[in-house]
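Peer 1: only the shape, not the letters, is given here:
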C-alpha cells in the first residue's frame, strides 16, 4: 500500500483554479496533492531577437520555487546571483513541451511567457507545472484569438505531464516527494490528447533499468496523463472545443 | 471620492489566512485590497557569522515579487543575476522593523527568516509585507517558545505598517497603485501596538512637503495601523495574550 | 558633554571647497568634521531610456566609499562584483532628494550624474553627500544655463541634509560615528531653503520612539540644515541669487 | 541515402586515442565523425561538502565547447560570466550517467571529475562525451584501484551513448549536425554493456511522436551502443576484464 | 645542464600543424615541448562598436586553459563566473602584439578573433600562443585577401615570441614550467621578422635585475624568436612571400 | 617644445603629502602634474589562504579610478559588476613591484594592502600609483617595525616608477595624457634606489621599436626615477635611514 493509501496506478487529487491573477492574460492555480503551482501567461507583442521577421510567434517558460516551498528553506536564486542547473533544465523542458502543441505561425509575431512559481512542493513540480502551464496558455491564447480574430486557433492539441517510477519492486504513478526520493528509476512523460509523446525522460537514479520496466512505466504515464487531460477539458469549457485534435499544421 | 468609493481615512479590506504552508514554522497569506503577499517564517538553529557567540538570535527578511504580480511582466531578479536597489531597500526595512519588537536575547542563538513573496501587487506591498510578516513571525516564535520552554516570550509588542500620502489636495490612508502613482508625498509608517514609531519614511516625490502635511499624515497612519493590529490580535488568538505590551527587555 | 565638547544642538564644522576637479562640470570637496566627501557633477546630453522623448532632463547620483574610509578596511564593491544594499539605498536617496529641487522641464533633455565618493567617514556620510552634491549640482547647472541660455534657472530651492538622533536620554544634532553607533533612534532629514521636508527617515534602531521624540528631532534637524544652507549660499556666491525660493514650476 | 553515404542504421567511424594528456589520471581523445572531444579524468582525495563523512566517493563531469568548435564562433561562457542552460543540462547528464555504473562505496571517499571539452562539433557532442568520459574514467579508476589495492573494482558495467532521430520519414542512427537540425524527433540514449537503460531522453522537436517511433529508435540506439562498447573493450584491454557485468553492489 | 639536456640558449622542439579545425578560417596546433595550444582565427564582417565607421579592421584574441592543462586541475573560469586577472592580461597582450603587424586599414572594416586554447601547459603558454596565433592569423588573412582581392596584403611582418629568464646564475632561453618556477627574473619578448621589439615585459620575480642581465636576456630572446620565425615561414609556404618585410603603412 | 614648456627629459612637478587619512596605517596623497592619487596602506594580522603557515607576510595592491577622474565619465566597476582587464593588470603590477623590495620573511605573517585611488588622471596613473604606494607602505611598515620591534627593517630598497615614450621623433620622460595618446612607443619602468630594474614593460603601440629606442628610453626612465626617489627620501625623513640599500635577505 502507498502513502495516503493510493493504488500503484492512482494519481493524487488534482485541482485547477483558473483566473487567479488580475493582470495576467491567462492564469491558473494547480494543486496536485500537496504540490501547488501558480501559472501565469503573459502575452507580449514582440518576439525574441532570434525569431524576428519570421512572422512566427514564440512560447517560453520560467520556473521558480519559493524559498520555503520545501521541507527546509532554499536560498533564493536571485540572492545567489544565478539560476541553478536544475531550474534551467526544467524551464527549458516546459517551454519546449508547450511549443510542441502550438502553431507558432498561427500565433503571429508575438510571444507568450508562462511563469510557473511553485508555492509548495511535494514531488512532481515540473510535471505539475507543465499541466498547469498548458491551461494558462490556452486561456491566454483564446483571448488573443478573439481579440485579433486569428483565422486558425493556434493550439493544436492538449498537453499534460506526470511522473512515474520504480520504488522497491513496484511501478508507481505520480510520485510524491517521499516516493521520489526512494525511486530507483524516475521518469517524466509529457503527452498530448492524442496519446503522442512530447517528452520522455527516464533516468536510472541508482541503477540501470530494463526495457520491460520502460514499457510498464510508459503505460502508467499514459493512463495518468489522459485522466489529467480530461480535467483540463472540463475546466477550459468552451475553449476546449477550439483545440484541434492534434492535426498540427504541416508548416509549423 | 476615492477609487472604490473609499473615504480619505478608510483602509482597504484586509484579510489574514494563517498556516497556509505545510512546511514553514509560521505562515500567513495576507490580502490588502488587491495586494496579496505570502509570508513564511523559517526557524534555523544557527545565526549569521557576525552574530555568533553572543547568545542572541537574529531576525531577517527577504522580499520578492512574482514576475506577473504587476500590470506588465517584470524580469525575474534571478534571471537578471542581481537584486534591484528597490528589493534590497525593502527587505532591509522589513527585517529592521521586525527586530524592533523582538527580544533577541530571549530568542536564544537561532535565527528566523521571513520570506515575503508578493503574488499580486496593487500598491503598499512593503507595508503589507510588514503587517503579514509580523503574524508569521509570531506564530513561529510561539512554536519555538513552547518547544524550548523559553522563559520570556520574545515578542515585545505588536507591529503593523501602512502607507499614507498626499494626492491632489487630499491626505489619504492606504494608497492603492493608482493613487500611489499620482501622490505628491508618499509616506510609509511602521508602528507598534503602543503607538510608538518604528520607522517613518516620508518622501516628497514631486515637491517638498510642509510640517503640517507631515503631522496630518502621521495621524492617518496611526489610525490605520491600530485597526490593523486589532485584526492581527484576532487572528493570533491565544498567542496574542503572550505578546508583552511594549516593555522591551532593557538589555536587548 | 559631547565628544569634542559640542553642545547637543551644535553641528560639526563644515567646509566646502569648490572646483577641485579639472574635468567635472561642477565639483566640491565637503568636510563635515572628519567626514570627507568628493562630489562631482557630470553633464551629458542624453537621458536614460525610460526618460527619452519627454523633453525633460534627469538627475541621478552614485555613492561609494573608498576601502579605507573607515576604521577597518572594507572590501571594494567592484571586487565583490555587486553593490551592497546600503550603497543602493543611499544613492537612490541622494538622487531622489536632488530631483525634488530641480525643474526637470527647464533642464531640457540632458542628464546630470552626481558622484559622491567618501574619502574618509566619521558618521553622516549620506547627509554630507546630499549637502555637497547640491553645491556641485548648482555649479554644473549654472554653467549649463549660461551655455544654453536656459530661460528659467532649473534649480528651484536650496537643499541640505543632516542626521539627528537620540543617544542615552539626549537628542543630538549631527552625530559622528561614535555617537551614531550608540544611538537608539536615528533620523536623516533632508530639507529645502524654505524649510520644507524632502525626506524624513527615522528608525528606532533598538527600540520604538515616541511622537515627542520625533518632534524634538525634527526641530534640531531644521536648525542644522538652515545653518548649512547659509554656508552653501556663501560659497555659491552669484549663483545663489538665481535659485528660486521654492516656487517649483507646477508642471514639473 | 544519408550524407556521406551511410545506411540508416550505420554509425559514423569512431576513434579512441587514450593517454593524450600528461597530467590527467585518465584521458582520451574521442572522434565520432567530425565531432572531436577531449576527456580527462582528475582524481582528488576529497568529496564535495554534501558527501562528506559517508565513506563514499563522488563522480562528476564538466562540459564545454571551444568557441570555434562550431560553424560560427560562439561567445565563451567565461566571458559571458555564466554557463548556459544547455551546458548545465549536459554536464548534469554526463555526471549522472557515469555515476550509474560506479560503485561509490567501493571508490572510497574521493572524487573523480571528468572534463569533456569539445574541440570540434558536428552533432552528438553530449553522447560522444559520455562514451569518451567512460573510457577516461575507467583508466583513472584502474590506476586508483592498483594504487590503493581497492578490494572491489568500482566500475560495475560499460557505458556508452548515441543519438537517434526521425528525419523525414526515416529513423536514423548517430545523427550529424545537418541531420540533427532537420530531425522531427531527437533522442539521446545511454545504455550499459548489459543493454540496460541509464538515460532515455526523447523530444518531439517539431511534433509529438508515436509509440511505434519510440520503439524503433530504441532498437537503433541499442545496436549503436553495443558496437561502441565493443570498441571501448578493445581500447581498454586488460582493464576491460575488471569491469563487472552489471552486478552493482546492493548498498550503493 | 638543463632539464632534458638542453643548452642554455637552446629552444624546446616546436611543431606547427596547420588547418586542424574544419570551420575556422585559419587554425594551427602548436606544440613547444609539452606546451600545446590550439589557435583558431575567426573572420567576421563587423567591427566592435568603438571601431565603427572608420573603414579600418580589428584584430583581437582570447586565451583560456583547459582545466586539466596543468599538474593539478584548475576551476573553469566559466564556473567561477569571471576571468582571472592573469587571463585578461594575457589576452590583451596577444591581441596588442598581433595588431602591431597588421595594417588595419588594408584589412577593411572586418574583425579577426584569434582563440588560443591551451590543451596542455608546461611553461610559456602566452609566448607559444602568440607564435601560433600569428600563423592562424596569416592563413585567415590570406583567405580574406584572395576572396576580396585586397590591394595590399594586410600583414606587415612576421611575429613570434619566447620567454627568457635567469635561473640560478644562468640566463636561459625558452623556460619550461619547472625552470620558470625557479626563475629570479622572467621576461617575455615579442619580436618581428625585422628584429624589432613589439613587447618587452621583464619582471624581477624575487629580486630586481641589472642592465647587464636585461641585455643578455634580450639577445637570447632575439636568437630564439628568429629561429621560430624561420619555422613559421616554412609552414606558411607561399603565404610567407606575401608578408611585407616590416614596412608598415604610414597611415596605420 | 613640449606641452607646458617641458624639456624632453624633464618630469612634471611631483608633490607628496603624507598622513592624509586618519585611519590608515600609512597614507599619502601624490600629485604628478594633474594626476592625483590617494594611497593608503592597511595592515592586517592575517595572510591570504595560499600564504598560510609559511611564517611570511604578503603585500598586495588595489587600484581604481573615480568615475570622473577623466575627461568623460567612466562607469564604475562596481556598477558593471566586474573589474576591467586594465584594472586587474595594473593592480597586479603594483603589488608585484612592491613585493620586490619587501623582505616578506622579516614582515612576519601579516599582510599589507595598498589602495591606490585615482582622484584625477592625466597620464601615468599606474606609475604614479607605484611611487605613492611605496611611500604609504614605508610609513605603515615603520609603524609595524616599531610596534613589534621587528629585528630587521622589512623594506630593502626604494622604489619608484615613471613612464617614457616615443612621440613623433622624440623620446620623452613622464608623458601626460595628451602625449601618451600620441605615443608610438610606450614604456613603464619600475626601478629601485640602486638603479636595478623591477619591471620593464615596453609596447610598440603603433609600430615595433628598435633596440636603440629601447636603450634611449631606459636611460630617460632611470634619470626620472632617481629624481623621484630623492623626493621620497625627503618626505620619509628618518624612516629613509632604515631602508636597506638593496641587500635583500637571501632567503626571501
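Peer 2: Thanks, I have the structure now. The shown structure was predicted, so the numbers you read here are calculated from the model rather than taken from an experiment.
Peer 1: only C-alpha atoms from now on, for both contacts and neighbour counts.
Peer 2: Will do.
Peer 1: give me the number of residues near residue A:201?
Peer 2: 18 (other CA atoms under 10 Å in any protein chain shown).
Peer 1: pretty sure it sits against residue A:187.
Peer 2: Yes. With contact defined as CA atoms under 8 Å, residue A:201 counts as touching residue A:187 (5.5 Å).
Peer 1: which secondary structure state does residue A:201 sit in?
Peer 2: strand (DSSP: H, G, I helix; E, B strand; the rest coil).
Peer 1: so how far is residue A:198 from the nearest residue to it once chain neighbours are set aside?
Peer 2: Counting by CA to CA, 6 or more residues apart in numbering or on different chains, residue A:201 lies nearest to residue D:201, which is 4.5 Å off, once chain neighbours are set aside. Using CA to CA, to the nearest Å, residue D:201 is found at 11 Å from residue A:198.
Peer 1: need the contact list for the residue in chain A that chain C sits nearest to.
Peer 2: Chain C sits closest to residue A:81 of chain A, with a gap of 9.7 Å, by CA to the nearest CA. Counting by CA atoms under 8 Å, 6 or more residues apart in numbering or on different chains, residue A:81 makes contact with B:78, B:80-82.
Peer 1: now those residues: which count as buried?
Peer 2: Burial by neighbour count, 16 or more other CA atoms under 10 Å in any protein chain shown: within those this picks out B:78, B:81-82.
Peer 1: take these and keep only those in helices.
Peer 2: residue B:78 (DSSP state H).
Peer 1: can you show me the strands along chain A?
Peer 2: A:14-18, A:26-32, A:35-44, A:58-65, A:111-120, A:159-167, A:170-173, A:185-192, A:197-204 (DSSP state E).
Peer 1: could you say what helices and strands the first one packs with?
Peer 2: So that's strand A:14-18. strand A:26-32, helix A:211-236 (3 or more CA pairs under 8 Å, 6 or more residues apart in numbering or on different chains; DSSP states H and E).
Peer 1: average pLDDT for that strand?
Peer 2: Over the span of strand A:14-18, the pLDDT mean works out to 98.
Peer 1: and the closest residue to residue A:143 other than its chain neighbours, how many residues sit next to it?
Peer 2: Among residues not flanking residue A:143 along the chain, residue A:25 sits closest, at 7.4 Å (CA to CA, 6+ apart). When neighbours are defined as other CA under 10 Å, residue A:25 has 23 of them.
Peer 1: same question, residue A:75
Peer 2: Applying other CA under 10 Å, we find 11 residues neighbouring residue A:75.
Peer 1: might you report the residue contacts of it?
Peer 2: Taking CA under 8 Å, 6+ apart, one finds residue A:67 in contact with residue A:75.
Peer 1: just name the most buried of the helices and strands packed on strand A:14-18.
Peer 2: strand A:26-32 (a mean of 26; mean count of other CA atoms under 10 Å in any protein chain shown).
Peer 1: just the terminal-to-terminal distance for stretch A:116-131.
Peer 2: 10 Å.
Peer 1: off-centre distance for it?
Peer 2: 8 Å (CA atoms, centre = their mean, to the nearest Å).
Peer 1: is chain D within reach of that stretch?
Peer 2: No. Using CA under 8 Å from any CA of the partner chain, stretch A:116-131 never reaches chain D; the gap is at least 14.7 Å.
Peer 1: redo the buried ones among the contacts of residue A:81 as a markdown table? Include pLDDT.
Peer 2: As requested, the buried ones among the contacts of residue A:81 are exported to a markdown table (pLDDT from 0 to 100):
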| residue | pLDDT |
| --- | --- |
| B:78 | 93 |
| B:81 | 89 |
| B:82 | 90 |
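Peer 1: ok, back up a step: my guess is the residue nearest to residue A:201 contacts residue D:191. True?
Peer 2: No. The criterion here is CA under 8 Å, and residue D:201 misses it with residue D:191 at 11.9 Å.
Peer 1: relative to its centre, which residue of chain A is most distant?
Peer 2: Ranking residues of chain A by C-alpha distance from their mean position (CA atoms, centre = their mean) puts residue A:53 at the top, at 28.7 Å.
Peer 1: nearest residue to that one in space, ignoring adjacent ones along the chain?
Peer 2: Residue A:53 sits nearest to residue A:109 (CA to CA, 6+ apart), 7.9 Å away.
Peer 1: what do you get for residue A:72?
Peer 2: residue B:23 (7.6 Å).
Peer 1: what is the burial count for the one you found?
Peer 2: Residue B:23 - counted by other CA under 10 Å - has 19 other residues nearby.
Peer 1: and it, what does it touch?
Peer 2: Residue B:23 touches A:68-72, counting by CA under 8 Å, 6+ apart.
Peer 1: that one and residue A:70, how far apart?
Peer 2: From residue B:23 to residue A:70 the distance is 7 Å (CA to CA).
Peer 1: got it, and residue A:102?
Peer 2: 32 Å.
Peer 1: compare those two and say which is more crowded by neighbours.
Peer 2: Shown here are residue A:102 and residue A:70; by other CA under 10 Å, residue A:102 has more neighbours (27 against 21).
Peer 1: and that one, what pLDDT?
Peer 2: For residue A:102, the model assigns a pLDDT of 95.
Peer 1: how about it: what's its closest non-neighbour residue?
Peer 2: residue A:155 (4.6 Å).
Peer 1: my read: that neighbour touches residue A:139, true?
Peer 2: No. With contacts counted by CA under 8 Å, residue A:155 stays clear of residue A:139, the gap being 10.6 Å.
Peer 1: those two: which is more packed in?
Peer 2: residue A:155 (28 against 22).
Peer 1: residue A:141 versus that one, what's the distance?
Peer 2: 8 Å.
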